[in-house]
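Novice: Return atomic coordinates for the entry below.
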Amino acid sequence: MTFEKLTFRSVTVRSVLVPLRRPVVSKVGLFDQWPIILIDLATEEGVVGRSYLEPYLKHSTHYIVPAIYDLAEPRKGQPIRPIEDFQNARRALNLIGYEGVSMIAVSGLDMAAWDALAKAAGMPLAVLLGGSTGPVAAYNSNGLWLTEVAGLGDDARALVAEGGFKGLKLRLGRDRLADDLAAIEAVRTAVGAEIKLMVDFNQGLRLGEALHRCHALDRQGLYWFEEPIAYDNLAGYAQLSRELTTPVQLGENFYGPRALHQALSIGAGDYVMPDLMRIGGVTGWIRASSIAGAAGVEMSTHLYPEFAAHLMRVTETAHWLEWQDWADPILAAPFKLADGFLMVPNRPGAGLEWDEDAVRRYQYDG
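Specialist: Residues are numbered from 1 along each chain as shown. This is a model prediction of the structure:
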C-alpha cells in the first residue's frame, strides 16, 4: 500500500468519560472524571487512523464533535495529505477565528490522518517522520495536586514508583506562601532532593502575586515555574523570565505555531510545552518544533503521551514528556514505562488501539 492511494472515506467520533485514579485538584477546577473524544478516520483502503482529544470540560464535546464532522465532510473521497489538509482547514476557518474549537477540531483530524499514513506505510509514526522508536525521558504528572500537604509525601513516593521517575509535577499556588513551602518540603523529604520538581501554578496568580510568590520560591531549586499567570499575558511572562533564576515554562495554550513564535520573539518564557490539541496536532507540532529548535529553546509536551512520545523522537530540542495515564482505561495497549522513560513501541502508527469494551462502558452522550 502506498501513501498516494490512501483515501479519506469517513470519520467516526465518540465521547467517553473515564474515571481518574487521582482526582485533579487545581486552580483550573476539580475533576474526578475525564472527558476524551475518540476519532476513527476510515480510508477506502481499509486503514483506520486513530487519535483522541482531551477537552477538559465534558459538555464541550457537544460542540467539538460536530466541528470535527463538519471539517471531515469535504474531505470524503480525497487523498489523505495532512499538511495540505491542515492548511486548507485553517483557511476554511479564518472567518470564525483560528483558536479554540477551530484548532481543536483541526488537530484531532490531523493526528488521525498521520496515524493512518504511518499504518499504511507499516511504520511507527516516529519512523515515518524520519526518526526511530525508543525511550523518551518523562516526568510523572499524575498527582501532587492542591490537596492536604500531609498526604503529599505518600503521593510522591507512589508516583516515583509507578515508572522509576526522576521528575514529578507539583502544583503550587496555595493561599499562603508557607503552605507552598511546606508542600515542597514534604515532597523532597519523601523522595529526595535528586528528584526534579516541575511546579505548575495552572495560571492561578495575577502578575503581582506571581512576582511575590515566584521570587520567594526562586531559591528552592525547582526545575521550572509553569504558567504562574494567565496564558495570554505574554508581557507578564517576559517580565517573570527576566527577573527569575528559575526557568519559566509556558505553551500548553499556544494555538498554533505562530503563537509560539510570538512568545519566543519577546522572551516570554525559557521553556515551551505545546499541547497537541491546541498547537495543531502532528503538523502543528512539527512546525512549532522547528521554531523552537531555531531559537534553541527546549520543548516539552503537554498531555497526549502516546503521540507526543513519537514527536519527541524527532524534535531537535526535545526536553521532557509529561506522562499521565488518563487515557489508559480505554487503550488496548498502553505504552510501557521503564526507569523514568516512556517507551515508544515498534508498531505501525502512533500505537493507539481502543479497548472497545471499555469504550462502551465509559460512553458519554451528555
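Novice: following the top helix by length along the chain, which helix or strand comes up?
Specialist: If you go by DSSP state H, the chain has its longest helix at helix 101-121. Using DSSP states H and E, the helix or strand that follows helix 101-121 towards the C-terminus is helix 125-128.
Novice: Please identify the buried residues of stretch 192-203?
Specialist: Judged by neighbour count (16 or more other C-beta atoms under 10 Å), stretch 192-203 contains these buried residues: Ile195, Lys196, Leu197, Met198, Val199, Asp200, Phe201, Asn202, Gln203. For the C-beta atoms, the positions are set from N, CA and C on the backbone; glycine is no exception.
Novice: Inside strands: which ones of those?
Specialist: Lys196, Leu197, Met198, Val199, Asp200 (DSSP state E).
Novice: Specify the beta-bridge partners of the third one.
Specialist: Right, Met198. Lys169, Trp224 (DSSP bridges).
Novice: hang on, it packs against Tyr223?
Specialist: Yes - assessed by C-beta atoms under 8 Å, Met198 is found in contact with Tyr223 at 4.8 Å.
Novice: Could you count how many residues lie near Ala238?
Specialist: 17 (other C-beta atoms under 10 Å).
Novice: Spit out the residues that contact Met198 and Tyr223 alike.
Specialist: Residues touching both Met198 and Tyr223 by C-beta atoms under 8 Å, 6 or more residues apart in numbering: Gly167.
Novice: What's the mean pLDDT across the helix or strand containing Ile39?
Specialist: Ile39 belongs to strand 29-43 when elements are defined using DSSP H and E. Summarised as a single mean, pLDDT over strand 29-43 is 96.
Novice: Quick one: work out the angle between the helix or strand following it and helix 101-121.
Specialist: As assigned by DSSP H and E, the chain's next helix or strand after strand 29-43 is strand 48-53. Taking axes from the mean of the first three to the mean of the last three C-alpha atoms, to 10 degrees, strand 48-53 and helix 101-121 form an angle of 150 degrees between their directions.
Novice: Moving C-terminal from strand 48-53, which element do we reach first?
Specialist: Counting by DSSP H and E, what follows strand 48-53 is helix 61-72.
Novice: just to revisit the earlier point, closest to Ser241 among the buried residues of stretch 192-203?
Specialist: Nearest to Ser241 among the buried residues of stretch 192-203, counting by C-beta to C-beta, is Phe201 at 14.5 Å.
Novice: these two touch, right, the closest one and Ala210?
Specialist: Yes - contact criterion C-beta under 8 Å: Phe201 and Ala210 qualify, at 7.3 Å.
Novice: any common contacting residues for these two?
Specialist: With C-beta under 8 Å, 6+ apart as the test, Phe201 and Ala210 both reach Pro228, Ile229.
Novice: ok so, going back, max pairwise distance over the buried residues of stretch 192-203: which two?
Specialist: Ile195 and Gln203 (24.8 Å).
Novice: Could you list the low-pLDDT ranges of the chain?
Specialist: Within the chain, the segments meeting pLDDT under 70 span 1-4.
Novice: Give me the domain ranges for it.
Specialist: Domain assignment for the chain by automatic domain parsing gives 3-122+357-361, 128-343.
Novice: looking at those, which is closest to Gly349?
Specialist: domain 3-122+357-361 (4.1 Å).
Novice: now the closest one, how far from the centre of its chain.
Specialist: Centroid separation for domain 3-122+357-361 versus its chain: 14 Å, with C-alpha atoms, centre = their mean, to the nearest Å.
Novice: Check stretch 279-287 too.
Specialist: The answer for stretch 279-287 is 12 Å, by C-alpha atoms, centre = their mean.
Novice: now do stretch 281-295
Specialist: Distance, stretch centre to chain centre, for stretch 281-295: 14 Å (C-alpha atoms, centre = their mean).
Novice: What of stretch 174-184?
Specialist: Remark: stretch 174-184 is offset 27 Å from the chain centroid, using C-alpha atoms, centre = their mean.
Novice: change the start of the numbering to 54 and stick with it
Specialist: Yep, numbering from 54; the last one is stretch 227-237 now.
Novice: list the contacts for the closest residue in space to Ser194 that isn't next to it in sequence?
Specialist: What sits nearest to Ser194 in space, not counting adjacent residues and going by C-beta to C-beta, 6 or more residues apart in numbering, is Lys222, at 4.0 Å. Residues near Lys222 by C-beta under 8 Å, 6+ apart: Tyr192, Asn193, Ser194, Leu197, Met251, Val252, Asp253, Glu375.
Novice: Which one of those is nearest to Arg143?
Specialist: Distances from Arg143 to these, taken by C-beta to C-beta, are shortest for Glu375, at 26.0 Å.
Novice: Run a quick neighbour tally on Arg272.
Specialist: The local packing of Arg272 (other C-beta under 10 Å) involves 9 other residues.
Novice: Pro300 and Phe254: what is the separation?
Specialist: Distance of Pro300 to Phe254, given as C-beta to C-beta, to the nearest Å: 14 Å.
Novice: Need the residues touching each of these two.
Specialist: Phe278.
Novice: can you give me the strands in the chain?
Specialist: Per DSSP E, the chain has strands spanning 61-79, 82-96, 101-106, 188-193, 220-224, 249-253, 277-279, 301-303, 324-325, 374-376, 389-391, 394-396. These are given in chain order.
Novice: Using TSV, lay out these together with distance to His363.
Specialist: Output for the strands of the chain, formatted as TSV (distance: least, C-beta to C-beta, whole Å):
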stretch	distance to His363
strand 61-79	21
strand 82-96	17
strand 101-106	12
strand 188-193	9
strand 220-224	20
strand 249-253	22
strand 277-279	23
strand 301-303	22
strand 324-325	18
strand 374-376	10
strand 389-391	14
strand 394-396	10
